[in-house]
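Chemist: How does the following fold in three dimensions:
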Amino acid sequence: MGFVEQHKDGPFFLYWASTIPHLPLQAPEKWVRYYVDKFGEEEPYYYVEGETRGSYYPCRYPHATYAAMISYLDENIGKLVAWLKQEGLYDNTLILFSSDNGPSYTGGTDSPWFDSGGPFRSEYGRGKGFVYEGGIRVPMIVSWPDRVKAGSTSDHISAFWDVLPTLCEVARTDIPEEIDGISFLPVLTGAGQPQEHEYLYWEFPEYNGQLAVRMGKWKILWKEIKKGNTEIELYDLETDPAEQHNLAEAHPEMVEQLFRIAKNEHRTPEVERFRIEALENLCRQ
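Modeler: Below you'll find the predicted structure:
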């Protein structure tokens, strides 16, 4: 609010990178008590030495505290929105609200209990840190009363690298040529036909190396690459959004697409620990 106060007389851009609801589980007592009253008694969360799925502080009421963190974040965003309305800025301010990854599995969060992933699984191996839909598909809420129709929705396929060109178009400035993103401003305003990605590509060296490609309704996935796994998974996200039925054997042409795209998109990381040797070898072929 202080930043907006300083810049409200002209165009401004505010990037608000909230720490919460990231771990550890900590929230104001009023919100914790609010949810303790709703949820009742529960088992505390304790970090156990040597446990691989959590090294955060213990928490007496993990479910209540996690919910409290969400409400505390919501409360503070509400303060900003109320202030924008008070200053007469709200209707012409574009607000994008989203997350950098899917639900966590560690530190006492218990995402399955909250159904945080919705139609997507969110336990270890499927949520945060993994390239299944539970790890990479996130909600995005947009508010811009002057330009975006309230209550409208879109199934346009996009990713975070599309945010920069979108904001450039909003600001009426040049979009850098060397980026992969495509502006989704036409999706928000309904003005014009949005461009579509041929595919989206993810590569993540952690959890034994992972790679995923989204092409329309198809999702192609390769995991545990550093362990020598060669099995490719293929899912039809229109009929199987939870990624339960691997169709790779029935569609070998899609597996070939994965390798073609990987060879085209992979770049050798500067940081050695980020490198996936099997991908390096694939690109040398």
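Chemist: Counting neighbours, which bits of the longest helix along the chain end up buried?
Modeler: In the chain, taking DSSP state H as the definition, the longest helix is helix 62-86. Counting neighbours by 16 or more other C-beta atoms under 10 Å, one finds that the buried residues in helix 62-86 are 62-73, 80, 84. All C-beta atoms are positioned from the backbone trio N, CA, C, and that covers glycine.
Chemist: which helices and strands sit right next to that helix?
Modeler: The contact analysis (3 or more C-beta pairs under 8 Å, 6 or more residues apart in numbering; DSSP states H and E) places helix 62-86 against helix 2-7, helix 29-39, helix 111-114.
Chemist: try 10 Å this time
Modeler: In this structure, helix 62-86 makes packing contacts with helix 2-7, helix 29-39, strand 95-98, helix 111-114, judged by 3 or more C-beta pairs under 10 Å, 6 or more residues apart in numbering; DSSP states H and E.
Chemist: which stretch among these comes nearest Leu23?
Modeler: The closest of the helices and strands packed on helix 62-86 to Leu23 is helix 111-114. By C-beta to C-beta, the value is 11.8 Å.
Chemist: And the contacts of that closest one?
Modeler: With contacts defined as C-beta atoms under 10 Å, 6 or more residues apart in numbering, helix 111-114 is touched by 39, 42, 62-63, 66-67, 70, 102-105, 117, 121-124, 126-128, 134.
Chemist: Restricting to C-alpha, output that helix in PDB.
Modeler: Backbone C-alpha positions of helix 111-114 (Å, rounded to 0.1, in the frame of the first residue of the first chain) are rendered in PDB as follows:
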ATOM      1  CA  SER A 111      -2.600 -31.200   1.200                       C
ATOM      2  CA  PRO A 112      -4.800 -34.300   0.500                       C
ATOM      3  CA  TRP A 113      -6.800 -33.600   3.700                       C
ATOM      4  CA  PHE A 114      -7.600 -30.100   2.300                       C
END
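Chemist: per-residue confidence averaged over that helix?
Modeler: Average pLDDT, helix 111-114: 92.
Chemist: list the buried ones in it?
Modeler: Under 16+ other C-beta under 10 Å, the buried positions of helix 111-114 are Ser111.
Chemist: still on that earlier bit, looking at the contacts of helix 111-114, which are in strands?
Modeler: Among those, no member is found in strands (DSSP state E).
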